[in-house]
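Novice: okay, sequence plus prediction incoming.
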Amino acid sequence: MNAIRMMAACLGLFLGFAPAVSAQQDSFLIFAVITEVPSDKSRVTGQVLAGETVGEAHLLANERLQDHVMWRKLEMCHSIKAEVRREGADYRVLSFKMLSAFMLPMALQGIEGDCLLKKAMQYAPLID
């Protein structure tokens with residue numbers, strides 16, 4: 001069995017698959033709620049659930065991602081699931097998917113609810 005793994009590793013190195021495999025191993029999934037209206041779409045602030053901990057972090061987007069229609073329409077209280085790579089205290093977004101609030105893990109649902117209430121209170125005076 002070890003011989004097969006060794007041959008597969010050598011074949012992967014020979015064909016150039018090793019960098020792609022290591023890049024995939026560095027990335028992981030997070031859930032996030034955007035808590036501030038992003039003025040600069042390359043650096044979005046939100047509450048992020050990574051593993052078991054929730055904390056405020058910045059989500060960094062490259063040019064290709066900034067050109068994506070859904071990323072350009074990103075607003076306060078939007079929820080996303082993203083494949084990211086850690087860059088210091090920030091997260092580099094590799095890919096993402098918009099979510100409904102009920103699809104978030106329980107750790108972020110309260111934050112999403114508070115965000116939606118805050119957003120509603122900001123717009124309520126404008127309706128009168």
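Specialist: Sure thing, it's come through.
Novice: which parts of this structure are helices?
Specialist: Taking DSSP state H to define them, one finds helices in the chain at 2-15, 18-26, 63-66, 69-72, 106-127.
Novice: so how many other residues sit close to the nearest residue to residue 76 once chain neighbours are set aside?
Specialist: Leaving out its chain neighbours, the residue that sits closest to residue 76 by CB to CB, 6 or more residues apart in numbering is residue 37, at 4.8 Å. Placement of C-beta: from N, CA and C, glycine included. By other CB atoms under 10 Å, 12 other residues sit near residue 37.
Novice: kindly report the same for residue 84.
Specialist: Going by other CB under 10 Å, the residues that sit close to residue 84 add up to 23.
Novice: was I right to think it contacts residue 44?
Specialist: No: counting by CB atoms under 8 Å, residue 84 sits too far from residue 44 to count as a contact (11.9 Å).
Novice: give me every residue that touches the most centrally placed residue in the chain.
Specialist: Nearest residue to the geometric centre of the chain (CA atoms, centre = their mean): residue 82, 3.3 Å. Neighbour list for residue 82: 29-32, 59, 91, 93-97 [criterion: CB atoms under 8 Å, 6 or more residues apart in numbering].
Novice: and the pLDDT for it?
Specialist: Per-residue pLDDT puts residue 82 at 96.
Novice: let me see the contact set for the closest residue to it other than its chain neighbours.
Specialist: Leaving aside its sequence neighbours, residue 82 sits nearest to residue 96 (CB to CB, 6+ apart; 4.0 Å). The neighbourhood of residue 96, defined by CB under 8 Å, 6+ apart, consists of 65, 70-71, 80-83.
Novice: beta partners of residue 86?
Specialist: Taking DSSP bridges as the rule, residue 86 bridges to residue 91.
Novice: ok, it to residue 60 distance?
Specialist: According to CB to CB, to the nearest Å, residue 86 and residue 60 sit 11 Å apart.
Novice: and what of residue 111?
Specialist: Counting by CB to CB, the gap from residue 111 to residue 60 is 20 Å.
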